[in-house]
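Q: Predicted coordinates and the sequence they were generated for:
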Amino acid sequence: MKKLKLQGTFTALITPFNKDLSVDFESLISLVEHQVQSGVDGLVVLGSTAESQTLEMKERIAVMLKVQEAVNGRIPIIVGAGSNDTRATIEFTMLVKEYGFSGVLLVAPYYNKPSQEGLFNHFLSISEAVDIPQIIYNVPSRTGVNITADTCIKIAMNCKNVIGVKEASGDLEQMMEIIHRSPEGFNLVSGDDALALPIIFAGAKGVISVLSNYAPKQFSDCIRFAIRGKIGDAVKSHYNLFELMQLNFIETNPVPVKAFMKELGLINTNLVRLPLVPITEGSEEVIKLAIKKKEIC
C-alpha cells in the first residue's frame, strides 16, 4: 500500500457545471492548476462539496481522471468513494485503487442509520477488501449517525488501511478523545474550516476544506502556521478568514462556495444540480459585500 501523508490543507473540490448542467471540464482543469500553484497539500474529489450524489457513474470517473491528469502527480488526490451500501463502496474503492489514486474518503453510511457495530463492520469490510489508504468521514448532520470516539478508535486499531478520520461532528471533546487515544499513524483532520485552528492546537493534523476552493493560499498558510506552532500568525490569519468560513454555510454547501467562485471569476456559472438550487438573491448580495472587503486569491 502506498503511503499517504494526511496533513495540511486538502481542498474538497467543487464540480463546476456548464449552463446545461453538464460538467465544465475546462473550468475544472483551471481550478486544479490554481489549487496546485497556490500550495495546497492535496485534493479531495467526489465528496459532498463536489455534489457527487448527483453525478452519474461515468461522470464520476471522468471527473476523477481529469483531475488526476491535471495534477500529474504533483500532490495527492483522495477520492470520495463512500456510500450507504458496503458492497457498492468496495466496488468503487477497487476502481479508485486500479486508477492509482492516493486514497479514498469513506463517509459513514447515510439514511439506513447503522448501529455502532454496523459502522465498525462496514469500515472493516472495506479495509479487508481493498489495500488502499482509507479515511473515515464522520458528518452526522448529513448522515444521521455519529461515529463515536470508541467506534473510531476501534476502527483505527483493527483496520490496517484506515489512516485517519475527517471529523465534522462539531464535537470538540469527541475529537480530542480520538486524538488522545489514536494509535500511531492514525491522524484526525478537521471537516469544518472554522474549527480547524482549535483542533490543530489540540493535536489534529490539518483540514479537508471548503474555503480553500477560492482562498487556497490564505487558508493553506493559516494551517501551516498552526501546524508549525506559529500561534500568533495562525490566529491572525484565521480571523481574517473567519467571516468567509461562516458565509460558506449561509445556505447548503456547496451553494455559497460556488457563488463566491463565480463572483471571483474562477468558474463560469454558480449552478448546482437538483435537489439543490442556486443561491438566493439576498445571500448573493451578502457574498458580494464580503468579497469587496477581502482580498481573496
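A: Arrived safely.
Q: Walking through this protein, point out its helices one by one.
A: Under the criterion DSSP state H, helices of the chain are mapped to 25-38, 57-71, 86-98, 116-129, 140-143, 149-158, 172-181, 193-201, 216-227, 231-247, 255-263, 281-293.
Q: Turn the ones you listed into CSV, including distance to V165.
A: For every residue, glycine as well, the C-beta is placed using N, CA and C. Shown next, in CSV, are the helices of the chain (distance: least, C-beta to C-beta, whole Å):
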stretch, distance to V165
helix 25-38, 23
helix 57-71, 22
helix 86-98, 16
helix 116-129, 10
helix 140-143, 13
helix 149-158, 6
helix 172-181, 7
helix 193-201, 12
helix 216-227, 17
helix 231-247, 21
helix 255-263, 23
helix 281-293, 31
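Q: T269 is nearest to which of the ones you listed?
A: Minimum separation from T269 across the helices of the chain (C-beta to C-beta) falls at helix 255-263, 6.4 Å.
Q: For L95, list the residues it contacts.
A: Taking C-beta atoms under 8 Å, 6 or more residues apart in numbering, we find L95 in contact with I61.
Q: In the protein, where is pLDDT below threshold?
A: Scanning the chain for pLDDT under 70 picks out 1-2, 295-297.
Q: returning to what we had before: minimum distance to G164: which of the helices of the chain has it?
A: helix 149-158 (8.3 Å).
Q: show me what contacts A234?
A: Counting by C-beta under 8 Å, 6+ apart, A234 touches L197, C222, I223, F225, A226.
Q: Isn't D24 up against N18?
A: Yes. Using C-beta atoms under 8 Å, D24 is in contact with N18, at 4.7 Å.
Q: who's more crowded, these two?
A: More crowded of D24 and N18, by other C-beta atoms under 10 Å: D24, with 20 against 14.
Q: Please list all residues in contact with that one.
A: Contact analysis of D24 by C-beta under 8 Å, 6+ apart lists P16, F17, N18, I267, N268, T269.
Q: Select from these the one having the most neighbours.
A: Within the contacts of D24, neighbour counts (other C-beta under 10 Å) peak at I267, which reaches 26 neighbours.
Q: Could you list which residues are in contact with the residue lying closest to T148 once chain neighbours are set aside?
A: Of all residues not flanking T148 in the chain, Q116 sits nearest, at 6.0 Å (C-beta to C-beta, 6 or more residues apart in numbering). Q116 makes contact with I147, T148, D150, T151, according to C-beta under 8 Å, 6+ apart.
Q: among the contacts of D24, which two are most distant?
A: Largest separation among these by C-beta to C-beta: N18 and I267, giving 10.0 Å.
Q: hmm, back to that, between the contacts of Q116, which sits nearest K166?
A: Taking C-beta to C-beta as the measure, K166 lies nearest I147 of those, at 10.5 Å.
Q: any idea how far T280 is from I291?
A: 17 Å (C-beta to C-beta, to the nearest Å).
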